[in-house]
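Trainee: need coordinates for the below:
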Amino acid sequence: MRKIAWVTGAGKGIGRATALLLARKGWHVAASARTEEDLVALQCEAAEGSIEIFPLDVTDLPATLEVVTKIGQKLGPIQLAILNAGTHKPFQALNFSVDDFRQLVETNVMGTVHGLASILPEFLERKSGHIAIVASVAGYRGLPSAAAYGCTKAGLINLAEALKPELDEAGIKLSLINPGFVKTPLTDQNDFPMPELITADAAADYIVRGLSSNKFEITFPWRFATLMRILRFCPDWIFFRITRRMVRTS
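Mentor: Okay, the predicted model is just below:
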C-alpha cells in the first residue's frame, strides 16, 4: 500500500517544505492550500507524480470534506494528516479588531477542526492513522502583539491534549507540533527580533524526524523552546516584567 500523506497549508512556509521532504522520503503527498498557483509551483518542484494538489480553503467545512473524499478516490486512504494551515496578524490592544481576531480563529482553529472532522470518521473506522496538529510555542503564554495568534495556538495545544487519550484508545496516533520562529512569509511581517530563527527546510526536518518517533510533542529549536517552557511556568510577576519590556521596545 502506498503511503499517503495530506498536508494543509502546503503552499508556503513550513507546509511547503514538509510536503517536499515527505515526497523525497517516499510518501505520496496530497497538498492543499488556498492559492492554486502556489500548489502548482510546489508540484513542479517535486519528483513527478509524488505530489498531487487539492486546492482548499480550510475555513470551508463542506469543501474540506469534499477534498478528503477526492484524495481517497484518487490516491487511496490517508495514513498521515498534517493539519498545518494557519495565518498570523499582529494584534494590539490599541487597535482591537473583532474582524482580525475572527479571521485567525476561523483559519487556525476552525480550519484544524474542519480537518479533524473530515478525517476522523475514516481513521476511527480503520482504528489506525496518524494526525499532526501544528500549533506554536506562542501558545504557551500570552505575548504582546500575539493576542489573537497566541490564543488560537493555545487552543490547538489544549485540543490536542484533550483528544490524545481517546485517540490512543482508538489506535490513532496524535502528534502536536510546536515550532518556534521559522522564516516564512508570515514571520516576515514581524518587526521585532526573532531569537533562533530557522529556515522552513530545517523546520520540516524537525517535523518529519519527530513524526517517526513516539513523542507526543515535537518542538523546536530546542533552546528557544526550552526558554518558552520556562516562561510557561514562570511566576506572573517575573513574566509580566519581561513582556512589559517587549511592549516598550515594539
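Trainee: use CA for all of it now, contacts and neighbours both
Mentor: OK.
Trainee: for this structure, which spans come out with low pLDDT?
Mentor: Scanning the chain for pLDDT under 70 picks out the ranges 1, 186-195, 248-250.
Trainee: just the buried residues of the helix ranked longest in the chain, please?
Mentor: Once the chain is assigned using DSSP state H, the helix that runs over the most residues is helix 147-169. Buried residues in helix 147-169, defined by neighbour count with 16 or more other C-alpha atoms under 10 Å: 147-157, 159-161, 164, 167.
Trainee: now swap in stretch 94-110 and tell me
Mentor: 101, 103-110.
Trainee: possible to save the residues you listed as TSV with secondary structure and distance to Thr64?
Mentor: Supplementary listing: the buried residues of stretch 94-110 in TSV, determined by DSSP: H, G, I helix; E, B strand; the rest coil; distance: C-alpha to C-alpha, whole Å:
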residue	secondary structure	distance to Thr64
Phe101	helix	22
Gln103	helix	17
Leu104	helix	18
Val105	helix	17
Glu106	helix	13
Thr107	helix	12
Asn108	helix	14
Val109	helix	14
Met110	helix	11
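Trainee: ok, those vs Ala202, which is closest?
Mentor: Among the buried residues of stretch 94-110, Asn108 lies closest to Ala202 (C-alpha to C-alpha), at 22.2 Å.
Trainee: hang on, isn't that closest one packed against Gly86?
Mentor: Yes. Assessed by C-alpha atoms under 8 Å, Asn108 is found in contact with Gly86 at 4.6 Å.
Trainee: element containing Ile133, please.
Mentor: Per DSSP states H and E, Ile133 falls inside strand 130-134.
Trainee: got the angle for that strand vs helix 147-169?
Mentor: Put simply, strand 130-134 runs at 160 degrees to helix 147-169, going by axes from the mean of the first three to the mean of the last three C-alpha atoms, to 10 degrees.
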